[in-house]
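Engineer: Here's my sequence, what's the structure:
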Amino acid sequence: MLEYGFDVHPVSDGVIHRFKGPEDKQQNGWYVYHGDHGAFGNWKTNLTVPWSDSTASRIDKDEYRKLVERERAERKREETVKHADAARQARSLWAQSAPATEHPYLKRKQVQPHGIRVLEGRLVVPMTIDTHIHSLQFITDDVKKFMPGGKVKGCYYPIGKLTNQIWIAEGFATAATVHEVTGQASVCTFNAGNLAAVTKHFVAMGLQVYIAADNDKAGWEAAGKARLVGAECRVAPDFNDGRVGTDWNDYCALYGPEHTREVLNGA
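Structural biologist: The predicted structure follows:
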């Protein structure tokens, strides 16, 4: 376990134990140890590392698998409860918020609010699936935060009227920019790791999906995974003249909406 950065001394009692990993804020690490075999891992990173002695009996190994399955089911149940609690709180906070008109973030990004709201000085972006609010993202001028315990995977925020095709981007400002320059519907997925899940959702609806990728390693790799689940294409902004930027909002600010529209439509 030390090789993986887990400074934990396991107890051989056949019980699932949880602990915090080096960068964990919650107890995402776990281990089970009994006799001469066991396993450990991290639910956040999907790490699972089994170990056993060749003398371990078949029955003991079966018991170990049952323990791990039980822990996975318990973790799933706890996650479901947390997501449900966060969703109730999200709907309550959304009801308390007011329509966003002016905000430093919107001004800096040069985009319209497109239905998002403001609460106590923070922009509020609902994280939805089929119009149902599961969580919220809060944006100040330079910080983005999610609700603790809220669902992220598969959630998105839609912008514009849906037709038979849709653009998918990571951040709200990027999705807003793409919609404003193309006139086509777009959604933001809130982070790169969520691109594929949201793409799969809209592909299953029979839509043509285009990925407005960020021009960085995480964005390009995530867009590649989105292609594997059915996206028509992925296109990232090319800052090849020395100007600095990462996403399509940066590109539009540097090169203008007309040129940005030509590049996106050309893709």
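Engineer: A231 and N265, how far apart?
Structural biologist: As for A231, its distance to N265 is 17 Å (criterion: C-beta to C-beta, to the nearest Å). All C-beta spots, glycine's among them, are computed from the backbone N, C-alpha and C.
Engineer: More neighbours: which of the two?
Structural biologist: Taking other C-beta atoms under 10 Å, A231 and N265 do not tie; A231 has more neighbours (23 against 11).
Engineer: Could I get the contacting residues of the nearest residue in space to the more buried one that is not next to it in sequence?
Structural biologist: Spatial nearest neighbour of A231, excluding adjacent residues (C-beta to C-beta, 6 or more residues apart in numbering): V209 at 4.5 Å. Listed by C-beta atoms under 8 Å, 6 or more residues apart in numbering, the contact partners of V209 are 165-166, 168, 199, 202-203, 226, 230-232.
Engineer: List the ones among those residues that fall in helices.
Structural biologist: Judged by DSSP state H, helices contain the following of the contacts of V209: 199, 202-203, 226.
Engineer: ok, and the most crowded of these?
Structural biologist: Neighbour tally across the ones in helices among the contacts of V209 (other C-beta under 10 Å): the maximum, 30 neighbours, falls on T199.
Engineer: isn't that residue right up against G230?
Structural biologist: Yes. Counting by C-beta atoms under 8 Å, G230 is a contact partner of T199 at 6.5 Å.
Engineer: Which residues does stretch 247-263 contact?
Structural biologist: 109-111, 169-171, 173-174, 176-178, 180-182, 212, 214-215, 219, 235, 237, 239, 243-245, 264.
Engineer: Filter the residues you listed down to the buried ones.
Structural biologist: For these, a neighbour count by 16 or more other C-beta atoms under 10 Å gives the buried set as 109, 111, 169-171, 173-174, 176-178, 180-182, 212, 214-215, 219, 235, 237, 245, 264.
Engineer: So which of these sit within helices?
Structural biologist: Among those, the ones falling in helices (DSSP H) are 109, 173-174, 176-178, 180-182, 219, 264.
Engineer: least confident pick among those residues?
Structural biologist: Minimum pLDDT for these is recorded at G219 (90).
Engineer: Tell me how far that one lies from T189.
Structural biologist: To T189, G219 is 11 Å away according to C-beta to C-beta.
Engineer: sorry, back to before: would you turn the ones in helices among the contacts of V209 into CSV with pLDDT?
Structural biologist: Listed next are the ones in helices among the contacts of V209 as CSV, based on pLDDT from 0 to 100:
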residue, pLDDT
T199, 97
F202, 97
V203, 97
A226, 94
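Engineer: on that earlier part again, which two in the ones in helices among the buried ones among the contacts of stretch 247-263 are spaced the farthest apart?
Structural biologist: With C-beta to C-beta as the measure, no two of those lie farther apart than E180 and G219, at 20.0 Å.
Engineer: Next up, phi/psi of I116, please.
Structural biologist: The phi/psi pair for I116 (degrees, to the nearest 10) reads phi -70, psi 170.
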